[in-house]
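Asks: Kindly return the folded structure for what I paste below:
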Amino acid sequence: MRILLSLCAILSIVVAETAAQEVKKLRPVDRVANGGTATTTTDKIVGGEPASAGEYPFQVALISALAPEGQEQSGQFCGASLIGNGWVLTAAHCVPDTKPEEIDVYAGSTVLPTGSGAAGGQLGIRRNVEKVISHQNYNPDTSDNDIALLKLGEPLPDTLKPASVPDSPAAMPSTGMDVDVIGWGLVTEGGSTTPNLMKVKVAIQDNALCQTNYDDFTDMMPGAGRVTITQNMFCAGRPEGGADSCQGDSGGFIGVKPDGQGWVQLGVVSFGIGCARPSLFGVYTRVANYTQWIAEVQRNF
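Replies: Predicted coordinates:
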């Protein structure tokens with residue numbers, strides 16, 4: 001569900017190999033050119049369970065356009081969410097310098113085809129991407145403004161209900177509130193991916209506490225630079241660990257479904273240190289800070 005903290009973002013000098021292995025940033029799954037076996041992987045949900053068919057109709061997978069039809073899991077590298085007719089929201093780090101023709105979107109199914117048939121009888125819909133618009137102030141070194149919009153070449157069916165975005169920056173649940181995070185990423189740190197969409201509940205955490213926990217961790221790593229939790233981010237997880245997003249979940253949805261209402265997307269999976277470690281919460285782009293930007297992009301493109 002996110003990407004490994006890159007060395008350029010975390011390390012200010014060359015450090016011991018053990019330190020380099022510990023401080024990570026979520027990165028998209030790297031796939032071979034033919035859309036086949038992954039060479040490295042990105043985040044997936046840890047501590048969760050399979051989502052039901054139709055439970056999150058807005059969730060889509062970003063896949064390599066080279067992945068063969070019927071083998072979409074082999075090309076999956078990030079998540080995204082449908083937020084309007086023909087528009088999906090994802091993380092900027094998922095699509096750095098990416099050309100639209102290199103990406104397809106797979107929607108309408110909680111199961112990604114593996115080549116052995118559509119599991120559970122679900123048949124998804126594949127669409128090409130017409131435009132990739134990353135936030136103009138995205139900083140790959142700090143992960144600030146880690147948000148992007150993709151315009152699809154053809155709209156998806158109206159039966160796939162999009163997620164809503166918050167009305168204003170003030171629209172954010174209080175600390176301690178449970179939220180859902182979903183994705184096709186790793187189910188354990190260093191583990192493997194699954195074709196089944198996974199879900200898990202995590203709690204919104206205080207940004208100051210999140211910052212302190214990250215500082216305490218990086219202080220123990222000789223030569224490691226500071227991770228900054230900005231106001232464009234929020235943290236979520238469990239103090240005891242065990243529930244989190246992970247590699248491959250990057251760009252995906254975290255949000256809530258108020259009683260009697262539809263799903264509201266609060267964040268985009270961005271980065272973290274490891275997966276589901278105690279006190280090292282996942283970090284998410286705060287969508288409420290980008291409501292105006294999203295509207296402007298949709299209007300101008």
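Asks: Would you list the phi and psi of residue 101?
Replies: The phi/psi pair for residue 101 (degrees, to the nearest 10) reads phi -70, psi -10.
Asks: residues contacting it?
Replies: Residues near residue 101 by C-beta atoms under 8 Å, 6 or more residues apart in numbering: 65, 128-129. In this view, the C-beta of every residue, glycine as well, is placed from N, C-alpha and C.
Asks: Beta-bridge partners for the closest residue to residue 268 other than its chain neighbours, please?
Replies: Once flanking residues are discounted, residue 268 sits nearest to residue 285: 4.2 Å by C-beta to C-beta, 6 or more residues apart in numbering. Residues in a beta bridge with residue 285, per DSSP bridges, are residue 233, residue 268.
Asks: Check residue 148 too.
Replies: residue 90, residue 134.
Asks: Quick one, which of the contacts of residue 101 are buried?
Replies: 65, 129 (16 or more other C-beta atoms under 10 Å).
Asks: got a markdown table for the contacts of residue 101, with pLDDT, distance to residue 98 and secondary structure too?
Replies: Converted to a markdown table, these look like this (pLDDT from 0 to 100; distance: C-beta to C-beta, whole Å; DSSP: H, G, I helix; E, B strand; the rest coil):
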| residue | pLDDT | distance to residue 98 | secondary structure |
| --- | --- | --- | --- |
| 65 | 97 | 10 | coil |
| 128 | 97 | 13 | strand |
| 129 | 98 | 9 | strand |
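Asks: for the helix ranked longest in the chain, packing partners?
Replies: Criterion DSSP state H: the longest helix present in the chain is helix 207-219. Helices and strands touching helix 207-219, by 3 or more C-beta pairs under 8 Å, 6 or more residues apart in numbering; DSSP states H and E, are strand 233-237.
Asks: Low-confidence bits of the stretch 101-250 of the chain, can you list those?
Replies: Across the stretch 101-250 of the chain, the ranges flagged by pLDDT under 70 are 117-122, 187-193, 242-243.
Asks: number of nearby residues for the closest residue to residue 131 other than its chain neighbours?
Replies: Excluding the flanking residues, the one nearest residue 131 by C-beta to C-beta, 6+ apart is residue 151, at 4.1 Å. Residue 151 sits with 18 neighbouring residues when counted by other C-beta atoms under 10 Å.
Asks: on that earlier part again, could you tell me how far the longest helix of the chain lies from the centre of the chain?
Replies: 21 Å (C-alpha atoms, centre = their mean, to the nearest Å).
Asks: quick one: that helix to strand 233-237, angle?
Replies: Angle of helix 207-219 versus strand 233-237, following axes from the mean of the first three to the mean of the last three C-alpha atoms, to 10 degrees, is 80 degrees.
Asks: Residues contacting helix 207-219, please?
Replies: In contact with helix 207-219 (C-beta under 8 Å, 6+ apart) are residues 10, 23, 224-229, 231, 233-235, 273, 279-281, 283.
Asks: need the helices for the stretch 1-150 of the chain, in chain order.
Replies: 7-10, 17-22 (DSSP state H, counting those that start in this stretch).
Asks: weakest of those by average pLDDT?
Replies: Among those, helix 7-10 carries the lowest mean pLDDT, a mean of 31.
Asks: Around residue 157, how many other residues sit close by?
Replies: Applying other C-beta under 10 Å, we find 9 other residues in the vicinity of residue 157.
Asks: check contacts around it.
Replies: Contact analysis of residue 157 by C-beta under 8 Å, 6+ apart lists 108, 125.
Asks: follow-up on the earlier one: now the longest helix of the chain: buried residues?
Replies: Neighbour-count burial for helix 207-219, counted by 16+ other C-beta under 10 Å, picks out 207, 210-211, 213-214, 217-218.
Asks: Thank you, goodbye.
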